[in-house]
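**Q** Any chance you can model this:
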Amino acid sequence: SDRERLEEAAVELRTALAHEDMRGCRSVLVYANKQDCDGCLSVAEVTSGLGLPRVAAGRKWTVQSCIATRSIGVMDGLDWLEASLMGDA
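**A** Numbering: from 1, shown residues only. Model (predicted):
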């Protein structure tokens with residue numbers, strides 16, 4: 001939800017996904033948290049800002065809207081990840 005740190009997050013994501021330990025990573029789940037805050041980044045803004053179509057190319061990926069403090073959307077993301085890893089997503 002932090003516009004000022006989106007580029008920093010994008011760099012960290014690129015670095016993490018490029019690491020040799022992540023070569024076998026088939027799925028990427030990103031939470032767009034704090035969706036209850038004014039001015040929060042939308043799922044589309046997070047997707048674009050992180051460059052997910054390019055950065056996660058060749059992998060399944062999703063951005064899950066959530067409000068972690070109220071457990072809203074958190075399990076939806078984990079359900080997607082489980083399905084993705086099991087080949088159902």
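
**Q** Quick check: phi and psi on Gln64?
**A** phi -100, psi 120 (degrees, to the nearest 10).

**Q** element containing the nearest residue to it once chain neighbours are set aside?
**A** Using CB to CB, 6 or more residues apart in numbering and skipping residues adjacent in sequence, the residue nearest Gln64 is Gly77, 3.5 Å away. Backbone N, C-alpha and C define where each C-beta goes, glycine included. Using DSSP states H and E, Gly77 maps to helix 74-86.

**Q** in that helix, what counts as buried?
**A** Buried residues in helix 74-86, counted by 16 or more other CB atoms under 10 Å: 74, 77, 80-81, 84.

**Q** is it fair to say Leu29 lies in a strand?
**A** Yes: secondary structure of Leu29 (DSSP: H, G, I helix; E, B strand; the rest coil): part of a strand.

**Q** dump the residue contacts of the nearest residue to Ser27 once chain neighbours are set aside.
**A** Spatial nearest neighbour of Ser27, chain neighbours left out: Ser84 (4.0 Å); criterion: CB to CB, 6+ apart. By CB atoms under 8 Å, 6 or more residues apart in numbering, Ser84 lies in contact with 26-27, 29, 60, 62.

**Q** what's near enough to touch the residue nearest the centre of the chain?
**A** Centroid check for the chain by CA atoms, centre = their mean gives Val30 as the closest residue, at 1.4 Å. Each residue near Val30 by CB under 8 Å, 6+ apart is listed here: 13, 46, 50, 52, 61-64.
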